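J.: need a 3D model of the following:
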Amino acid sequence: MNSDLPHFTLAADLRDQLELWAKELGFQQIGVTDIQLSEHEERLQQWLKQGYHGDMGYMADHGNMRSRPDELQPGTIRVISLRMDYLPPDISITEQLQDKNNAYISRYALGRDYHKLIRKRLTQLGKKLQQAIAELNAEQQMNYRAFVDSAPLLERALANKAGLGWIGKNTMLINRKAGSYFFLGEILTDLPLTLDSRYEKDHCGRCTSCLDICPTQAFVGPHILDARRCISYLTIELDGPIPEPLRPGIGNRIFGCDDCQIGCPWNRFSKHTQEADFTPRHQLDKATLLELFAWDETTFLKRTEGMPIRRTGFENWQRNIAVALGNAPTSLEVIEALKRARVSTSPLVQEHIDWALKQHG
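T.: Predicted structure coming up:
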């Protein structure tokens, strides 16, 4: 047992210490909530019935487990929700989008894969809490499990109940002092921690900037996203051909999309991350489409090692860039690069290259 841990006498002291530990581990905010998500469960079921999840079958798997944390981790009565800023300093959010010869990669995906980093920090926090409880009462045991975008769990709903922000019209969690450029993580526990009564109310008002800016008009209405039209879904989740009518709207976005965050006025309050691991790798925040289209599979695997981008796979990576090159300004360089790649790539990519070449006449 760590003898450096303070001896706690009050639950309030433990809650304050938990907040201090979280900040020491790089989290910007923490909140504690219960596991009652019936309202959000109903909304999820309605969303699934409409088929808005597309090919993301995992969204419908596991029954109602996604909205019932105690089914995911038996014995859970509390969820500790935390957030961590990810936007690197000295990085442009829109500059890369403006020049259509450039490749735009969602800002969250430019550095190290957040899953491992945040899960490790959450586990460290859980262990500190577990040790503190043992010091308070040697007979009492605390069970916990850490998650970060890695299990069927309504993370944004839990963060909303814990007071970390509200779910905006763009379905993102928005914080009045930090915008929405942050990751979420959770610790599910059977420890009866004091609840935070900071259920954040909606501050979107009449603003519809996020809905209006969407390049593929993926929002059915406020708070309702048809993922089948969302650029993040099309470039990351979807296997197979991207529907032709949606290709022009993708522009030069080759992995994810930030437009509904860029359009949100609350992001003028967003904070830069202090995590060096979220710094862009291989200058991917400044890369051109032609540079990345020239990668072979070996280069792709090497350059994306330990990054979220690896998830899309090399074939879909080429597919996405082919579409972006179809949307790029016409030039001899672009046309030659497309024709050269067509010779040795898969039928899926060839079809997208053919579409791109047609865009250039």
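J.: and the helices in the stretch 101-250 of the chain?
T.: Using DSSP state H, counting those that start in this stretch, the helices of the stretch 101-250 of the chain run over 114-136, 155-161, 209-213, 231-232, 247-250.
J.: so where's this structure uncertain?
T.: 1-13, 138 (pLDDT under 70).
J.: do you have the strands of it handy? List them.
T.: Along the chain, the segments classed as strands by DSSP state E run 29-33, 78-85, 104-105, 144-147, 166-167, 173-174, 182-189, 219-221, 224-225, 253-255.
J.: parallel or antiparallel, which strands does the fifth one pair with?
T.: In the sheet containing strand 166-167, the strands it pairs with under DSSP bridges are strand 173-174 (antiparallel).
J.: with the fourth one instead?
T.: Paired with strand 144-147 in the same sheet, following DSSP bridges, are strand 182-189 (antiparallel).
J.: cool, and the second one?
T.: In its sheet, strand 78-85 lies beside strand 29-33 (antiparallel), strand 182-189 (antiparallel), with partners assigned from DSSP bridges.
J.: same check, this time on the third one
T.: Note on strand 104-105: by DSSP bridges, its sheet partners are strand 253-255 (parallel).
J.: tell me the buried residues in the partner strand?
T.: 253-255 (16 or more other C-beta atoms under 10 Å). (C-beta placed from N, C-alpha, C; glycine too.)
J.: now these as JSON lines including distance to residue 125?
T.: Putting those into JSON lines (distance: C-beta to C-beta, whole Å) gives the following:
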{"residue": "253", "distance to residue 125": "35"}
{"residue": "254", "distance to residue 125": "35"}
{"residue": "255", "distance to residue 125": "30"}
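J.: out of these, the closest to residue 336 would be?
T.: Minimum distance to residue 336 across the buried residues of strand 253-255 is 19.4 Å, recorded for residue 254 (C-beta to C-beta).
J.: from residue 352, how far off is the closest residue to the closest one other than its chain neighbours?
T.: What sits nearest to residue 254 in space, not counting adjacent residues and going by C-beta to C-beta, 6 or more residues apart in numbering, is residue 320, at 4.3 Å. Using C-beta to C-beta, to the nearest Å, we find residue 320 at a distance of 8 Å from residue 352.
J.: cool, residue 104 as well?
T.: 17 Å.
J.: can you check residue 333 too?
T.: To residue 352, residue 333 is 18 Å away according to C-beta to C-beta.
J.: between those two, which one's more packed in?
T.: Between residue 333 and residue 352, counted using other C-beta atoms under 10 Å, residue 352 has the larger neighbour count: 27 against 13.
J.: residue contacts, the more buried one?
T.: Residue 352 makes contact with 241-242, 247, 319, 322-323, 326, according to C-beta atoms under 8 Å, 6 or more residues apart in numbering.
J.: ok, now residue 297?
T.: residue 314.
J.: now swap in residue 152 and tell me
T.: Taking C-beta under 8 Å, 6+ apart, one finds 58, 61-62, 65-66, 72 in contact with residue 152.
J.: go with 10 Å
T.: The contact partners of residue 152, taken as C-beta atoms under 10 Å, 6 or more residues apart in numbering, are 58-69, 71-72.
J.: buried ones among these?
T.: By 16+ other C-beta under 10 Å, those give 59-60, 66-69, 72 as buried.
J.: nearest to residue 215, of those?
T.: Distances from residue 215 to the buried ones among the contacts of residue 152, taken by C-beta to C-beta, are shortest for residue 59, at 22.8 Å.
J.: how's this protein carved up into domains?
T.: As assigned by automatic domain parsing, the chain contains the domains 11-92+108-189, 209-359.
J.: and the shortest one, how far apart are its ends?
T.: So the one you mean is domain 209-359. From its first residue to its last, domain 209-359 covers 29 Å (C-alpha to C-alpha, to the nearest Å).
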